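1. Okay, sequence plus prediction incoming.
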Amino acid sequence: MINPAIFKAYDVRGVYPDEIDGEAAHAIGSATAAHLGASRIAVARDMRLSGPELAAELIHGMVEQGVQVTDLGLCSTDELYFAVGKFGYDAGVMVSASHNPANYNGFKFCRENAISISSETGLNAIRDIAVKGALPPKAALGTVHTRDVLADFAKHVLGFIDVSAVRPLRLCVDAGNGMGGLIVPEVFKYLPCEVTPLFFDLDGSFPNHQASPIEPENMVDVQRAVREQHADLGVAFDGDADRMFITDEHGELVGGDMVTALVAKALLARNPGATILYNLICSRSVPEMITALGGKAIRTRVGHSFIKARMRETNAIFGGEHSGHFYFRDNFYADSGMIALLSVLELVSRENKPVSELVRSVGTRVRSGEINSKVQDAQARLQAIAEHFKDGEQDELDGLTVQYKDWWFNVRLSNTEPLLRLNVEGDTRELMERGRDAALAVIRG
């Protein structure tokens, strides 16, 4: 019996083998085929130790429903999205638990043109079929073919930049024993950069640190390497290598919203007046810079399903999130940490300035980072916050945002836990800290 709780808002995720095992993967494979009515599905996996078993059983369930499955083998998640969009598959499934610890695994789903499948667009339907168990096999079984798309993927991502403009920069790259260890060498063999590799061996037990670079403790190794090597920047990928975080030449962390600004600047240079999306956690400096460069900045909710849909509506060339997700129109609206990294390298090369100077040119405001607070009644706390800060400009695009002239904050409910997530920004550190403390005093009562 499958635990329906493993079906989340955007994917399937749980502990192996207690919550996700081969039997569950088989049932989810047959349910995916039945719900989508797809005849051709691409399947890939990351380096997690349970990946081979879960991918094999997922494929088995699909084949029993008559699907022609293409097994892409070891891939990054953005490589799977590329393959589905480029080669015209009806759907794709990535076997991965992204940045979660080693004992987790799961599945990410997309349909044709790499359109992601969330709880509202089919995942709940797949859940309802799967919890009943694997469907009986059809009379005409499907087939399995293997395909290696890494070389095609490398050429695709390199097509987003002028390779000849990239200078021989020095990078320290931390793959976290994840899929970046496979992707980076293939892409960078076409570039003049010198790469110092950290933890490039694929190892789903994560022997060095968790492949979750959004947590500062998992960036320590690449920060140290940048300082020791006197590199131009540091880079870290998460486990399935669709997210990317950087440091400057001093090893200082650069926020995802600042990376969004740098990528936007690079893209606007060759796409004047283009529309660019940013989520509402990003610094005010991001839309200011986009507008100053002649682009159109649109503020969105947090979350890839909202951003991708809005990008399609507005024909936006790019969308960025503070969490290290970067979406590109010409990448089937899917996210790619590698394309974002290449865009930053091109910008650094063209401007011939260090990363720290480029970041300072975007803005000098101070951000708190996300602060989580456990609360008893989150909705009541939100109402109390709205009342306490009623003199500010408020909106409820995503949670509650309250804006003042020289500082602002956003409070959002967690989708999965009894938490409120607070983000604060001030024009100075003093303003940020004062606003942060005032907001936390109300949140924590």
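-> Arrived safely, thanks for sending. Keep in mind that what you see is a predicted model, and the values were worked out from it rather than measured.

2. all contacts plus neighbour counts: C-alpha atoms, from now on.
-> OK.

3. pLDDT below threshold where in the chain?
-> Within the chain, the stretches with pLDDT under 70 are 416.

4. Centroid-nearest residue for it?
-> Nearest to the mean C-alpha position of the chain, counting by Cα atoms, centre = their mean, stands His325 at 3.5 Å.

5. what domains does the record give for the protein?
-> According to automatic domain parsing, the chain comprises the domains 4-148, 152-246, 256-362, 366-443.

6. what's the span of the shortest one from first residue to last?
-> Its first and final residues considered, domain 366-443 spans 21 Å by Cα to Cα, to the nearest Å.

7. what do you get for the longest one?
-> Distances were taken as Cα to Cα; on that basis the terminal residues of domain 4-148 are 33 Å apart.

8. wait, is Pro168 part of a strand?
-> No - counting by DSSP: H, G, I helix; E, B strand; the rest coil, one finds Pro168 to be coil, located in no strand.

9. what's around it, how many residues?
-> Residues lying near Pro168 (other Cα atoms under 10 Å) number 14.

10. again, but for Asn372
-> Applying other Cα under 10 Å, I find that Asn372 has 18 neighbouring residues.

11. what about it, helix or strand, and which?
-> strand 371-374 (DSSP states H and E).

12. Who are the contact partners of Ala175?
-> Residues near Ala175 by Cα atoms under 8 Å, 6 or more residues apart in numbering: Gly181, Pro197, Leu198, Phe199, Phe200, Ala211, Ala236, Phe237, Asp238, Gly239, Ala241.

13. cool, Gln394 as well?
-> Ala386, Leu400, Thr401, Val402, Gln403.

14. which of these lies closest to Ser414?
-> Leu400 (12.7 Å; Cα to Cα).

15. ok, what's across the strand from that closest one?
-> Val411 (DSSP bridges).

16. Name the nearest residue to Val442, ignoring sequence neighbours.
-> Ile385 (6.2 Å; Cα to Cα, 6 or more residues apart in numbering).

17. His325 now?
-> Using Cα to Cα, 6+ apart, the nearest residue to His325 is Arg243, at 5.4 Å.

18. Quick check: the residue nearest to Val442 is in a helix.
-> Yes - the assignment for Ile385 by three-state DSSP puts it in a helix.

19. Now for the residue nearest to the centre of the chain: which residues touch it?
-> Asp242, Arg243, Met244, Gly256, Asp335, Ser336, Gly337.

20. which phi and psi does it have?
-> Dihedral angles of His325 (phi, psi; degrees, to the nearest 10) stand at phi -100, psi 130.

21. can you give me the strands for the stretch 201-350 of the chain?
-> 233-237, 244-247, 253-254, 275-279, 296-300, 318-320, 326-328 (DSSP state E, counting those that start in this stretch).

22. So which other helices or strands are in contact with the third one?
-> Just to be clear, that refers to strand 253-254. strand 244-247 (3 or more Cα pairs under 8 Å, 6 or more residues apart in numbering; DSSP states H and E).

23. Parallel or antiparallel, which strands does the strand it packs on pair with?
-> Short version: by DSSP bridges, strand 244-247 pairs with strand 233-237 (antiparallel), strand 253-254 (antiparallel).

24. Please identify the most buried of those.
-> Of all these, strand 233-237 has the most neighbours on average by mean count of other Cα atoms under 10 Å, namely a mean of 28.

25. Identify the residues contacting that one?
-> 170-176, 178, 180, 211-213, 219, 222-223, 225-226, 243-251, 337, 355.

26. what do you get for stretch 436-445?
-> Contacts for stretch 436-445 (Cα under 8 Å, 6+ apart): Ser368, Ser373, Val375, Arg381, Leu382, Ala384, Ile385, His388, Phe409, Leu420, Val424.

27. Who are the contact partners of the nearest residue to Phe328 once chain neighbours are set aside?
-> The spatially closest residue to Phe328, leaving aside those adjacent along the chain, is Phe318, at 4.7 Å (Cα to Cα, 6+ apart). Neighbour list for Phe318: Ala264, Thr275, Ile276, Leu277, Met311, Phe326, Tyr327, Phe328, Arg329 [criterion: Cα under 8 Å, 6+ apart].
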